[in-house]
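>>> Next comes the sequence, and after it the predicted model I'd like to discuss.
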Amino acid sequence: MPTIKDNAVCVRLRDWSESSQIVVLMTEHHGKVAAAAKGAKRTTPSTMAKFSGGVELLTAGEAVMIVKPSTELAQLIEWDLVDAHWHLRRNLRAYQLAMYGADLVHHIVQDHDAHPATYHALRRLLSEVGGAGGGRGGDAKPQAADAALLRFQWDVLVDMGSRPVLDRDAQTGGAIDAGSPTVGFSASAGGVVADTGAGDRWRARRETIDLLAAVEADDDLSGYDAEALDRANRLLCTYLRSILDRQLPTMDYVLK
């Protein structure tokens, strides 16, 4: 029974009994791991020493787990809280977007399939979406949360091998009419296509695609307004919905 120690974010949590929990952790080097945290809710000194700070949804910590090949659930035997992300509890919009991030990771990453880039993208989202990186809770500009979400969605798509094609027609490989104010976006083709209105393509503004190109280039997004960021986020969220072939309940926080 191998024991693993890894950095992790709690993306799912439910009570198992009066004293225990079932957690799903997105780890840095071991992918997504579901584990039983037996006795984690007890307040005895020994339990509090093993589960420092407690395991809560959206918290980050260092986890020690025993993985048993014969069972779906690992055993979480230690948890050392690193960041509780309290700023998310003071900003409803930040909390909603963080919940979408955790939900997306839970559904798009396979169990025990290592994706360090997605782990770091989630950590960055949780840190930046509520303004923790540049101020105090809700003091951050509203655009900061949308910019953080946009970078997160892009990074997850890239890490999953679904980077959208932006610089050419994803279907034909040809050039896109640079003079057209709108383009098409096709989930099945994996990116920008001609705006013919036919097939499984959505219409997108040219400036939305230019914004995604800025994200790809890791440019500063502070000059973009909230409306432009919202359009780009909705486009990527719709693309992710097509990849998953289902709409997650938390996608409403982005699409509506």
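Cool, the structure landed.

>>> show me the contacts for residue 208.
With contacts defined as CB atoms under 8 Å, 6 or more residues apart in numbering, residue 208 is in contact with 228, 231-232, 235. C-beta coordinates here come from the backbone N, C-alpha and C atoms, glycine included.

>>> from the residues you listed, which is closest to residue 246?
Ranked by distance to residue 246 (CB to CB), these are led by residue 235 at 17.8 Å.

>>> Spatially, which two of the contacts of residue 208 are the most separated?
228 and 235 (11.0 Å).

>>> After the host helix or strand of residue 8, which helix or strand is next?
Per DSSP states H and E, residue 8 falls inside strand 3-15. Using DSSP H and E, the helix or strand that follows strand 3-15 in sequence is strand 21-27.

>>> Now do that next one: everything it contacts.
4, 6-16, 32-37, 40-41, 55, 63, 65, 73, 76, 102, 105-106, 109, 114, 118-119, 122.

>>> Neighbouring strands of it in the sheet, and parallel or not?
Strand 21-27 pairs in its sheet with strand 3-15 (antiparallel), strand 32-37 (antiparallel), by DSSP bridges.

>>> re the thing from before, quick one: which of the contacts of residue 208 is most hemmed in?
residue 232 (28 neighbours; other CB atoms under 10 Å).

>>> Would you check that that one makes contact with residue 214?
No. Contact criterion CB atoms under 8 Å: residue 232 and residue 214 do not qualify, at 9.3 Å.

>>> Could you list the residues in contact with the strand holding residue 8?
21-30, 32-34, 41, 55-67, 77, 82, 102-103, 105-106, 119, 122-123, 126.
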